[in-house]
Structure formats: structure tokens, C-alpha cells
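Visitor: Pasting the sequence and the predicted model now:
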Amino acid sequence: MEQEPRVAVVTGAAGSGMGRSIALTLAREGARVVVNYLSSAESAGAIVAQIEGRGGAALAIQADVFTPTGCQALVEATLARWGRIDICIIGPGGGWHPEPPEGLDPAAAMEDVRQELAPLYHLMPLVLPGMLARRWGRLIGLAMHPAKLSPAYAYNVGKAARVQAMLLAAEQAWRGQVTVNVVAPGPVAHIEYLATAVELCDHGPAWQQRANITPQDVAEGVAFLCSEAGRFATGGVLPYLFAG
């Protein structure tokens, strides 16, 4: 992050997966980070304490990003603290319904699509106007590897809907120098302990010795897209594969 610190909202950042690693990594790069969570207040607080203990700036905000009121509250709390949003990472999505098409639960499948699109649709009208006015912004969604699909039909459809919704927004956003991208890994194992996530973020022994994709690998791709080096990367899907 160059110039004055950017403000990054990372949705679903209090778990043990990619969101937490993205929050730690954007803080490492100098951004002020909002750690959004739904119910894991203790975990969110620990991540904020970790970032602040290393000289960074972070804020935990509880909000349900599947609802319009939750997204509104998330944005308002961020603006009240830091006055703007430069980076928005959309992570949480649909559930896991592994039924084949002939055994489909229509209601569950429709809910998967709604949950993949709801955070994007609710947040874009709230964060894009400010980004476009400042002619700088990063909107990034987490999805699924485009070629290595899961065995769950409804899950795949939901992720595909998110990918296309984001890519179709890229051209208009770019008119205001705002990039829109998708980071799309295959299976990624969670990191049990915050200390391990920090070690990976610091490129310590856990990073050097890793034998497969980790949430930190995904976070490094997000950090690139949010940097000035990634200024002209937009409308793309950045894939990561599990080495197995």
C-alpha cells in the first residue's frame, strides 16, 4: 500500500480461513483493516489485537453481510471510523448442498445463489460511489477455481453466479479506475491457530515449509491486486490449485 493508508473491509474475516489471512496481510501491507464477523467476536478481537500489537490499525465490526441492514451497518461503522472505503473483500457465500441435479432441493439451491450474490449486491451501491469519486478502488470476491469444480451442483452454480456478477461489473467500474477481480482457489485447508496464520503472513518457517496451498497463498494474491503493482489488473479470475 503506497501513499496514505488505504481502508480495507474484509468480510467474514474472523474465522480460520482465507478472510483472516487476507485481513492480516492487508494490515501487513499498511492498510487500515475492518475485520467483519457474524458471531465470532472473540476471534475478531484477537485478530484486531494482533494487528494493533504490530503497529497496524484495525477495527472489528459485527454485521450480517447477507442482509441489506447488515451491509449498511458495516459501511456506516467503517465510514464513522475512517471516512472512506478503498478496498472491499467479499468472502462469505452459499452453503454446502451436495445433491445432484435430479435430487436437488430447490429452496436450498436458491438460497446458495442468494448468499453468493447478496453481499455483492448490497455492498456495491454502498462502496463503489466513493471509490469512483476518488478514482481508486479494489473490489475482490472469493469464489472457486474455474476448472476444478466441487462435486456439489448447487454450490458450483452459486459460485458461478458470483463470478459472473463481478466480472460483468468490471468494465463500468474501470471507468473510474476501480478494479474488480475474483480470486478463485480450489480446496484450501483452514489454519487452526492464529499464531500459525501470523507466521505464514510473516513468511516464517510455516510459509517456507508449506507443501500445499494455504489461506496465505490466497492472501498474497489479494495483496497484489490491492497494490499499485496490480493497478491495471481488472476483470480477471486468479486461480489457485491444491497440489494433490
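Guide: Great, that's in hand.
Visitor: Of all residues in this structure, which one is nearest the centre?
Guide: I89 (3.4 Å; Cα atoms, centre = their mean).
Visitor: Can you verify that residue is assigned to a helix?
Guide: No. Assessed with DSSP: H, G, I helix; E, B strand; the rest coil, I89 is strand; it does not lie in a helix.
Visitor: can you pull the contacts of it?
Guide: A8, V9, V10, T11, A13, G19, I22, I140, G141, L142, V222 (Cβ atoms under 8 Å, 6 or more residues apart in numbering). Yep, even glycine has a C-beta here, placed from its N, CA and C like the rest.
Visitor: So which of those residues sit within helices?
Guide: Counted as lying in helices by DSSP state H, out of the contacts of I89, are G19, I22, V222.
Visitor: what's near enough to touch the second one?
Guide: Listed by Cβ under 8 Å, 6+ apart, the contact partners of I22 are V10, A13, I89, G91, P215, V218, A219, V222, A223.
Visitor: For the residue nearest to the centre of the chain, give its distance to R138.
Guide: Using Cβ to Cβ, to the nearest Å, I89 is found at 8 Å from R138.
Visitor: quick one: low-confidence parts of the protein?
Guide: Applying pLDDT under 70 to the chain flags residues 1-3, 244.
Visitor: In three-state terms, label the residue of it most remote from its centre for me.
Guide: Most distant residue from the mean C-alpha position of the chain: E102, 32.4 Å away (Cα atoms, centre = their mean). Under three-state DSSP, E102 falls in the helix class.
Visitor: ok, so what distance separates it from M131?
Guide: For E102, the distance to M131 - Cβ to Cβ - is 44 Å.
Visitor: What of V35?
Guide: V35 is 20 Å from M131, by Cβ to Cβ.
Visitor: out of these two, which sits in the more crowded spot?
Guide: Set V35 next to M131 and count neighbours by other Cβ atoms under 10 Å: V35 wins out with 30 against 23.
Visitor: Pull the contacting residues for that one.
Guide: So V35 contacts V10, A13, A14, A23, A44, I47, V48, A58, L59, A60, I61 (Cβ under 8 Å, 6+ apart).
Visitor: The second one reaches L26, doesn't it?
Guide: Okay, so that is A13. No. Using Cβ atoms under 8 Å, A13 makes no contact with L26, being 9.7 Å away.
Visitor: what touches both of those two?
Guide: V33.
Visitor: Run the chain-centre distance for stretch 110-118.
Guide: 16 Å (Cα atoms, centre = their mean, to the nearest Å).
Visitor: try stretch 76-90
Guide: On Cα atoms, centre = their mean, the centre of stretch 76-90 falls 14 Å from that of its chain.
Visitor: same for the longest helix seen in the chain, what does it pack against?
Guide: Counting residues, the longest helix in the chain under DSSP H turns out to be helix 106-134. Using 3 or more Cβ pairs under 8 Å, 6 or more residues apart in numbering; DSSP states H and E as the contact test, the elements touching helix 106-134 are helix 68-82, strand 87-90, strand 137-142, helix 153-174, strand 178-185.
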